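Participant: Let's see this in three dimensions:
(one chain, ligands or ions: 2)
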Amino acid sequence: MAAAGLHRLSFALTLNRQVLFHGLSRLQPASYRFTTRIPRMAFHVRAGATKGNASDQFLAKVHDNDLVKTAGFINGQWVAAMDGSTIEVNNPATDEIIANVACMKAADTKSAIAAASAAFPSWSHKTAKERGSVLRRWYDLVVAAEDDICTIMTVESGKPFKESKGEFVGGAASIEWFAEEGRRVEGDIFATVQQDRRMLAIKQPVGVVAAITPWNFPMSMITRKVAPALAAGCTVILKPAESTPLTALALAELAHRAGIPDGVLNILVGDAKAIGDTLMESAAVRKIGFTGSTRVGKLLFAAAADTVKKVSLELGGNAPFIVFDDADIDQAAAGVVSSAFRNAGQTCICANRIFVQEGIYDDFVDAVTKKVGEFKQGGGLDPSTTLGPLIGHKAVEHVSGHVEDAVAKGATVTIGGKIPDLPEPYNKGSFYAPTVISGATTDMKIFREETFGPAIPLFKFSQDEEAVQLANNTEYGLAAYFFTKDLKRSWKVAEALEFGMVGVNEVGITSEVAPFGGIKHSGIGREHSKYGMDEFLYVKYIQMGLGY
Ligand SMILES: NC(=O)c1ccc[n+]([C@@H]2O[C@H](COP(=O)([O-])OP(=O)(O)OC[C@H]3O[C@@H](n4cnc5c(N)ncnc54)[C@H](O)[C@@H]3O)[C@@H](O)[C@H]2O)c1
Ligand SMILES: O=CCCC(=O)O
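Facilitator: Ligands and ions are numbered 1, 2, ... in the order given. Next up, the predicted model:
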């Protein structure tokens, strides 16, 4: 990959200007020196900096150890917040500050809206092939920077490096998929009802798109919105989560190097409410693509009404996982553990409520408890770590509140149920021990609410209908899973589950080729696949009169 050689991207974590950690692109293999004490993080861009362009500015900021204060990307320029304010970014495994980034607000947001609006006419008039080629270059540069991006993700989100790699593969695949999919946007020609008229429909980009993303997947939640929006011909203002902005900034730098024109992709880091309100009030912003909590999603949904924006919302989940008595217990236990403890339980599609048929209940509790006992908690850059921290101490309180409530109502903790004893510096991190709860019942918080942490409750059921009724007994409708070897049961249960996605004998359901999204309070709209492209297009009906 020639571009990677010329435009090699490297990131350095610096302490008192002494480089403690250095991640390099795959052309120059990384020599990692792990440290847990990283009070300050800087992106270090080495090559590809042509004098006077934004990469050069980026480089200069890094040399001043100053990027941390700018960190907004508007109209192809790295900019500070207009009021000069900054916010801290923490490593949740150690609670140490790794960066201070710009805290942008309403005035910065207005400037990004102006840039995205000005860039829209020329970007939307490019051919799909031209846009696809730029996206493909972005994909190539992202792939060349894989280890750097995974390192950043791990340090700012806490997820183990191996999990960052997993997210990276999916996140990069979204760019590749939509780079290709843009060329397959097609319209319709309708059979005419009058001899002197022709009727057809074309699809056009909706305009300026606001994308707001969460911290639990710092890369893939971004690429699955930004890539289809850009492929469709829209321009974008992205607001990543304030706790994980660094991955987004790396993606912006690579997008710039790939040739995405100024103003087409803008990044705002900072005050969520001020940025969100300004984006939602703006008549120029024609679409909001949001992933995050159901609470914030509902606020944005209501706010979008005023300017009648197109909306897609990927919100919270409370996924059921049903294990029928004919299932392979080991496979089902492995499935539960891999789904429920992915990203330390902080995945919207994590198995959250496990329903086990009574004949196999005790064996299943034992199998899951044994598997959960194999996790090793610690810092994500340590290769032996298999379970990372939660995003913050509040999240630990939320999970422990669910566990305490379950125990108070009669459940038994078979493993975990506490804050683990970890050595320095992880004793300051936001860890909760992986936890299994047996004897769970429907009056417990853990049944009704999204736990979003490493604790799973096991409920007992006897009949198939009862399992489906329990599974559907939630306001959420994102993902559901079940394990059985019975074909007839598979169809009946898959069709009866009120969820946007169903995994049958499988938990790895996310793919760029398949529609991702929920129903009920889990959201509206779909990401990925051909449906994910439609979210950024509107249909225009054209009638041609031939009788003039
Ligand atoms: N359905 C999905 O695809 C999916 C994927 C990942 C996460 N999630 C959900 O996300 C939640 C966890 O993420 P989170 O805690 O970051 O969610 P969150 O709703 O607190 O934050 C999400 C984003 O919204 C921003 N935000 C917060 N308040 C805002 C406001 N008033 N206006 C505009 N933006 C605002 C945040 O800064 C962040 O960028 C969980 O509920 C999880 O299930 C859903
Ligand atoms: O948190 C939600 C995203 C999960 C995924 O992409 O598999």
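Participant: Just confirm L249 contacts V269, I think it does.
Facilitator: Yes. Using CB atoms under 8 Å, L249 is in contact with V269, at 7.4 Å. Where you see a C-beta, it was placed from the backbone N, CA and C, and this is true even at glycine.
Participant: Near ligand 1, which residues of the stretch 351-500 of the chain? Just list them.
Facilitator: E450, F452, L478 (CB under 6 Å from any ligand atom).
Participant: among these, who's most crowded?
Facilitator: With neighbours taken as other CB atoms under 10 Å, the top of these is L478, carrying 28 neighbours.
Participant: which residues sit in contact with that residue?
Facilitator: 315-319, 348-349, 499-501, 517-518, 522-523 (CB atoms under 8 Å, 6 or more residues apart in numbering).
Participant: ok, now with 6 Å
Facilitator: Contacts for L478 (CB atoms under 6 Å, 6 or more residues apart in numbering) come out as G317, C348, I349, G500, G518, S522.
Participant: Can you tell me which of those is nearest G84?
Facilitator: Relative to G84, the closest of those is C348; by CB to CB it sits at 35.2 Å.
Participant: State the pLDDT value of that closest one.
Facilitator: pLDDT recorded at C348 is 98.
Participant: That one contacts G317, doesn't it?
Facilitator: Yes. Look at C348 against G317 with CB atoms under 6 Å: they come within range, at 4.7 Å.
Participant: hmm, back to that, go back to the contacts of L478 and keep what's next to ligand 2.
Facilitator: C348, I349.
Participant: contacting residues around whatever helix or strand G297 lives in?
Facilitator: Assigned by DSSP states H and E, G297 falls within helix 294-305. For helix 294-305, contacts defined as CB under 6 Å, 6+ apart pick out M280, I288, F290, V311, L313, L315, G316, H521.
Participant: give me that answer again for 10 Å
Facilitator: 210, 212, 214, 272-273, 276-277, 279-281, 285, 287-288, 290-293, 309-318, 450, 475-476, 478, 518, 520-524 (CB atoms under 10 Å, 6 or more residues apart in numbering).
Participant: do that helix and ligand 2 meet?
Facilitator: No. Against ligand 2, helix 294-305 shows no contacts by CB under 6 Å from any ligand atom, the least distance being 13.0 Å.
Participant: Whether the helix or strand just after that helix contacts ligand 2 - can you check?
Facilitator: Counting by DSSP H and E, the next helix or strand C-terminal to helix 294-305 is strand 310-314. No. Strand 310-314 does not reach ligand 2 (CB under 6 Å from any ligand atom); its nearest approach is 7.4 Å.
Participant: Partner strands of the helix or strand following strand 310-314 and their direction?
Facilitator: Downstream of strand 310-314, the first helix or strand assigned by DSSP H and E is strand 319-323. Applying DSSP bridges, strand 319-323 is found paired with strand 351-357 (parallel), strand 479-483 (parallel).
Participant: and strand 319-323, C-alpha only, in CSV?
Facilitator: What follows is strand 319-323, C-alpha atoms only, in CSV (Å, rounded to 0.1, in the frame of the first residue of the first chain):
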residue,chain,number,x,y,z
ALA,A,319,-31.5,-8.8,25.1
PRO,A,320,-33.0,-12.2,26.1
PHE,A,321,-31.0,-15.4,25.6
ILE,A,322,-33.2,-18.5,25.6
VAL,A,323,-31.6,-21.9,26.1
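Participant: Which positions within the very next helix or strand once past that strand qualify as buried?
Facilitator: Using DSSP H and E, the helix or strand that follows strand 319-323 towards the C-terminus is helix 329-340. Using 16 or more other CB atoms under 10 Å as the test for burial, helix 329-340 gives I329, A332, A333, G335, V336, V337, S339, A340.
Participant: Could you export these to JSON lines, including columns for pLDDT?
Facilitator: Formatted as JSON lines, these follow (pLDDT from 0 to 100):
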{"residue": "I329", "pLDDT": "97"}
{"residue": "A332", "pLDDT": "98"}
{"residue": "A333", "pLDDT": "98"}
{"residue": "G335", "pLDDT": "98"}
{"residue": "V336", "pLDDT": "98"}
{"residue": "V337", "pLDDT": "98"}
{"residue": "S339", "pLDDT": "98"}
{"residue": "A340", "pLDDT": "98"}
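Participant: how long is stretch 211-221 end to end?
Facilitator: Stretch 211-221 has an end-to-end distance of 9 Å (CA to CA, to the nearest Å).
Participant: Ok, stretch 525-535 next?
Facilitator: 7 Å.
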